[in-house]
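Asks: sharing a sequence plus its predicted fold:
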Amino acid sequence: MLYQNAPRDPITDNRIHRRWAARLSLAIVVAVMSGGSAVRGEGTGERVAAALIPSPASVHGEVRLIRWEDAACVQTLLHTPSFRKGIREIIARESERWPDGKPGAEDSRRYREELDEVKQTILQETDATREPGQPYTLLIEFIYQPGASRIRFARAEVEWQPEETFRIQRQSPLSELKVSDTYMSRAMRIITTAALTPAHTDVVALLESAGWQDLSAPVDLTNPLPIH
């Protein structure tokens, strides 16, 4: 109230109004998108499909198929006390799926090595403050973007939602690994086939709706790679 009667500067007032209008517009956009969007380091995306893993009766994470403006993404969110076992199984099954000499084997080997290093980082960071029984959390993103396909690893803080899904509140990157488009195309199909069927019978159509392209041989539905 001290400056209630001071003369007003119309130029300054306009600048203030524009600044607050911009902030309000940004707040509205964020609020609208946060309800059904996936968290991304540089933006948000639309969730095409999702499934709790390994099942709704025993939840240790979630797999989501995400459509970004410039890429398709399969997010695997691990949120489990059985973190060591889960990572060990992923590495073992990934090795079985991509034997030496097979197209994509070198990408898979690099992925397994990076995943093992990320596992050690998560364990060291979390064990310093972790209470017995508390889960470890890791976000793995398989990103299909022609010429720039990659695997991204990130720390994450999550919250369980009443609609039986996880909300990623915060994330921070750990590392990123560039891979071939061919490996990424097949890997995303394997992951989604394992995670989304039988709830979704046409996984290929879902993937294509997210911007994925089929560069792989057909997946053996009787022997899919276990969920990441």
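Replies: Structure received. Numbers count the residues shown, from 1 in each chain.

Asks: how close does the residue positioned nearest the centre of the chain sit to Asp127?
Replies: Here the mean C-alpha position of the chain is nearest to the C-alpha of Gln75 (CA atoms, centre = their mean), at a distance of 2.9 Å. As defined by CB to CB, to the nearest Å, Gln75 lies at a distance of 25 Å from Asp127. Bear in mind the C-beta positions are built from the backbone N, C-alpha and C, glycine included.

Asks: what of Glu114?
Replies: In terms of CB to CB, Glu114 sits 20 Å off from Asp127.

Asks: neighbour-wise, which of these two wins?
Replies: Comparing Glu114 with Asp127 by other CB atoms under 10 Å, the one with more neighbours is Glu114, at 16 against 9.

Asks: list the contacts of that one.
Replies: Listed by CB atoms under 8 Å, 6 or more residues apart in numbering, the contact set of Glu114 reads 151, 153, 175, 177.

Asks: can you classify it by secondary structure?
Replies: Three-state call for Glu114 (DSSP: H, G, I helix; E, B strand; the rest coil): helix.

Asks: change the start of the numbering to 38 and stick with it
Replies: From this message on, residue numbering opens at 38, which makes the last subject Glu151.

Asks: on that earlier part again, and which of the contacts of Glu151 is nearest Glu133?
Replies: Ile188 (18.4 Å; CB to CB).

Asks: what sits up against stretch 171-179?
Replies: So stretch 171-179 is in contact with 110-118, 120, 152, 155-156, 159-160, 163, 167, 188-195, 205, 208, 221, 224-225, 228, 265, going by CB under 8 Å, 6+ apart.

Asks: now the buried members of the residues you listed.
Replies: 110-117, 120, 152, 155-156, 159, 163, 188-193, 195, 205, 208, 221, 224-225, 228, 265 (16 or more other CB atoms under 10 Å).

Asks: for this protein, name the helix or strand with the lowest mean pLDDT.
Replies: helix 47-71 (a mean of 38; mean pLDDT, DSSP states H and E).

Asks: can you list the weak-confidence ranges in this structure?
Replies: For the chain, the stretches flagged by pLDDT under 70 are 38-81, 253-265.

Asks: could you pull out the helices for the chain?
Replies: 47-71, 120-134, 142-164, 218-233, 240-246 (DSSP state H).

Asks: and those, which is most packed in?
Replies: helix 218-233 (a mean of 23; mean count of other CB atoms under 10 Å).

Asks: got the angle between it and helix 120-134?
Replies: 120 degrees (axes from the mean of the first three to the mean of the last three CA atoms, to 10 degrees).

Asks: other SSEs contacting helix 218-233?
Replies: In this structure, helix 218-233 makes packing contacts with strand 80-92, strand 95-104, strand 109-117, helix 142-164, strand 173-181, helix 240-246, judged by 3 or more CB pairs under 8 Å, 6 or more residues apart in numbering; DSSP states H and E.

Asks: mind putting the ones you listed in a markdown table, distance to Glu131 included?
Replies: Compiled in a markdown table, the helices and strands packed on helix 218-233 are given as follows (distance: least, CB to CB, whole Å):
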| stretch | distance to Glu131 |
| --- | --- |
| strand 80-92 | 16 |
| strand 95-104 | 15 |
| strand 109-117 | 12 |
| helix 142-164 | 6 |
| strand 173-181 | 12 |
| helix 240-246 | 19 |
